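make a model of this:
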Amino acid sequence: MSILYYTLNNSVFTNFAFYSTASICKLMGMAALTTMKRLSNDVYANSEDLTLAQNESVVVRTDPDVERIRRNHLNDIENIIPFVLIGFFYVTTDPDPNIAYWHFRIFFISRLVHTVCYQMPLPQPGRFIACAVGYLTTLSMALRVLFFARP
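Reported below is the predicted structural model:
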(Lines give C-alpha, C1' and ligand atoms only; values in the text may rest on other atoms or scores of the structure.)
Protein backbone atom coordinates (compact mmCIF):
# COMPACT_ATOMS: atom_id res chain seq x y z
CA MET A 1 0.00 0.00 0.00
CA SER A 2 1.34 3.43 -0.88
CA ILE A 3 1.27 6.36 1.49
CA LEU A 4 -0.59 9.51 0.47
CA TYR A 5 1.98 12.25 0.98
CA TYR A 6 0.10 15.03 -0.82
CA THR A 7 -2.90 15.36 1.44
CA LEU A 8 -3.85 17.92 4.05
CA ASN A 9 -3.91 15.07 6.56
CA ASN A 10 -0.11 14.94 6.24
CA SER A 11 1.23 17.68 8.53
CA VAL A 12 4.55 17.84 6.66
CA PHE A 13 2.74 18.51 3.39
CA THR A 14 0.41 21.02 5.07
CA ASN A 15 3.38 22.99 6.40
CA PHE A 16 5.14 22.75 3.06
CA ALA A 17 2.00 23.96 1.27
CA PHE A 18 1.74 26.93 3.64
CA TYR A 19 5.38 28.05 3.46
CA SER A 20 5.81 27.44 -0.26
CA THR A 21 2.60 29.36 -1.00
CA ALA A 22 3.73 32.18 1.30
CA SER A 23 7.08 32.24 -0.53
CA ILE A 24 5.36 32.35 -3.92
CA CYS A 25 3.09 35.18 -2.72
CA LYS A 26 6.21 37.06 -1.60
CA LEU A 27 7.69 36.47 -5.07
CA MET A 28 4.51 37.83 -6.67
CA GLY A 29 4.65 40.82 -4.33
CA MET A 30 8.08 41.70 -5.68
CA ALA A 31 6.63 41.89 -9.21
CA ALA A 32 3.92 44.24 -7.95
CA LEU A 33 6.51 46.31 -6.08
CA THR A 34 8.54 46.65 -9.29
CA THR A 35 5.47 47.93 -11.14
CA MET A 36 4.58 50.39 -8.37
CA LYS A 37 8.15 51.74 -8.30
CA ARG A 38 8.17 52.12 -12.09
CA LEU A 39 4.92 54.09 -11.98
CA SER A 40 5.91 56.26 -9.01
CA ASN A 41 9.30 57.11 -10.56
CA ASP A 42 7.93 57.50 -14.11
CA VAL A 43 10.37 54.84 -15.31
CA TYR A 44 9.25 52.79 -18.30
CA ALA A 45 11.15 50.03 -20.07
CA ASN A 46 9.06 50.00 -23.27
CA SER A 47 7.93 52.83 -25.52
CA GLU A 48 4.29 51.68 -25.51
CA ASP A 49 4.24 52.06 -21.72
CA LEU A 50 4.85 55.81 -22.01
CA THR A 51 1.09 56.33 -22.40
CA LEU A 52 0.88 55.61 -18.64
CA ALA A 53 3.34 58.39 -17.80
CA GLN A 54 2.15 61.34 -15.75
CA ASN A 55 4.89 63.60 -17.11
CA GLU A 56 6.85 63.74 -20.32
CA SER A 57 8.93 60.57 -20.08
CA VAL A 58 11.35 58.61 -22.13
CA VAL A 59 12.23 54.94 -22.05
CA VAL A 60 14.65 54.37 -19.17
CA ARG A 61 16.09 50.96 -18.41
CA THR A 62 18.53 51.74 -15.62
CA ASP A 63 16.70 53.47 -12.75
CA PRO A 64 18.61 52.43 -9.59
CA ASP A 65 15.47 52.01 -7.43
CA VAL A 66 13.68 49.86 -9.99
CA GLU A 67 16.82 47.84 -10.71
CA ARG A 68 17.31 47.09 -7.00
CA ILE A 69 13.79 45.65 -6.80
CA ARG A 70 14.24 43.74 -10.07
CA ARG A 71 17.48 42.15 -8.84
CA ASN A 72 15.76 41.20 -5.58
CA HIS A 73 12.88 39.69 -7.58
CA LEU A 74 15.31 37.75 -9.79
CA ASN A 75 17.06 36.40 -6.69
CA ASP A 76 13.68 35.26 -5.36
CA ILE A 77 12.96 33.47 -8.64
CA GLU A 78 16.36 31.76 -8.47
CA ASN A 79 15.72 30.53 -4.92
CA ILE A 80 11.97 30.06 -4.42
CA ILE A 81 11.34 27.95 -7.52
CA PRO A 82 14.00 25.36 -6.56
CA PHE A 83 12.67 25.33 -2.97
CA VAL A 84 9.15 24.55 -4.17
CA LEU A 85 10.23 21.91 -6.69
CA ILE A 86 12.65 20.15 -4.34
CA GLY A 87 10.14 20.48 -1.50
CA PHE A 88 7.59 18.38 -3.39
CA PHE A 89 10.11 15.55 -3.59
CA TYR A 90 11.31 16.15 -0.02
CA VAL A 91 7.81 15.56 1.36
CA THR A 92 7.85 12.05 -0.14
CA THR A 93 10.96 11.09 1.86
CA ASP A 94 8.77 11.05 4.99
CA PRO A 95 11.07 13.38 6.95
CA ASP A 96 10.81 13.92 10.68
CA PRO A 97 7.99 16.50 10.95
CA ASN A 98 9.90 18.86 13.25
CA ILE A 99 12.96 18.88 11.01
CA ALA A 100 10.78 19.44 7.95
CA TYR A 101 8.88 22.29 9.63
CA TRP A 102 12.14 24.02 10.50
CA HIS A 103 13.42 23.63 6.95
CA PHE A 104 10.29 25.33 5.63
CA ARG A 105 10.26 28.09 8.26
CA ILE A 106 13.95 28.85 7.97
CA PHE A 107 13.72 29.11 4.19
CA PHE A 108 10.75 31.48 4.30
CA ILE A 109 12.25 33.68 7.02
CA SER A 110 15.57 33.81 5.15
CA ARG A 111 13.77 35.14 2.06
CA LEU A 112 12.03 37.82 4.12
CA VAL A 113 15.30 38.85 5.77
CA HIS A 114 17.04 38.85 2.37
CA THR A 115 14.40 41.23 1.01
CA VAL A 116 14.67 43.59 3.98
CA CYS A 117 18.47 43.60 3.65
CA TYR A 118 18.21 44.25 -0.09
CA GLN A 119 15.58 46.97 -0.01
CA MET A 120 16.76 48.98 3.01
CA PRO A 121 19.70 48.52 1.92
CA LEU A 122 21.65 47.06 4.83
CA PRO A 123 25.40 46.50 4.67
CA GLN A 124 26.86 43.17 3.65
CA PRO A 125 27.23 40.41 4.76
CA GLY A 126 23.60 40.51 5.97
CA ARG A 127 22.04 39.94 2.58
CA PHE A 128 24.62 37.28 1.69
CA ILE A 129 24.00 35.39 4.94
CA ALA A 130 20.22 35.51 4.48
CA CYS A 131 20.52 34.20 0.93
CA ALA A 132 23.02 31.51 1.92
CA VAL A 133 20.80 30.27 4.75
CA GLY A 134 17.88 29.77 2.36
CA TYR A 135 20.11 28.18 -0.26
CA LEU A 136 21.65 25.77 2.25
CA THR A 137 18.19 24.86 3.55
CA THR A 138 17.09 23.90 0.04
CA LEU A 139 20.37 22.06 -0.51
CA SER A 140 19.78 20.06 2.69
CA MET A 141 16.36 19.03 1.40
CA ALA A 142 17.83 18.14 -2.00
CA LEU A 143 20.51 15.92 -0.45
CA ARG A 144 17.86 13.99 1.48
CA VAL A 145 15.86 13.49 -1.73
CA LEU A 146 18.96 12.32 -3.60
CA PHE A 147 19.81 9.89 -0.80
CA PHE A 148 16.32 8.40 -0.67
CA ALA A 149 15.65 8.41 -4.42
CA ARG A 150 18.92 6.92 -5.61
CA PRO A 151 18.33 4.06 -8.06
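
going forward, measure contacts and count neighbours with C-alpha atoms only.
Fine.

which pLDDT does the model give residue 12?
According to the prediction, residue 12 has pLDDT 97.

give me the pLDDT for the closest residue to it other than its chain neighbours.
Distances taken as C-alpha to C-alpha, 6 or more residues apart in numbering place residue 97 nearest to residue 12, at 5.7 Å, with adjacent residues excluded. With respect to pLDDT, residue 97 scores 97.

got it, and residue 58?
For residue 58, the model assigns a pLDDT of 66.

and what of residue 138?
99.

ditto for residue 62
pLDDT at residue 62 comes out at 78.

helix/strand/coil for it?
coil (DSSP: H, G, I helix; E, B strand; the rest coil).

state the phi and psi torsions of it.
phi -130, psi 40 (degrees, to the nearest 10).

quick one: the helices in this protein?
Along the chain, counting by DSSP state H, helices occupy 11-40, 64-91, 97-119, 126-149.

with residue 51 as the reference, name the closest of those helices.
Closest of the helices of the chain to residue 51 is helix 11-40, at 11.3 Å (criterion: C-alpha to C-alpha).

remind me what that closest one packs against, helices and strands.
helix 64-91, helix 97-119 (3 or more C-alpha pairs under 8 Å, 6 or more residues apart in numbering; DSSP states H and E).

do that again at 6 Å, thanks
In terms of contacts (3 or more C-alpha pairs under 6 Å, 6 or more residues apart in numbering; DSSP states H and E), helix 11-40 is packed against helix 64-91.

next, the angle helix 126-149 makes with the helix it packs on.
The directions of helix 64-91 and helix 126-149 differ by 20 degrees, with axes from the mean of the first three to the mean of the last three C-alpha atoms, to 10 degrees as the criterion.

buried stuff in helix 64-91?
66, 68-70, 72-73, 75-76, 79-80, 82-84, 86-91 (16 or more other C-alpha atoms under 10 Å).
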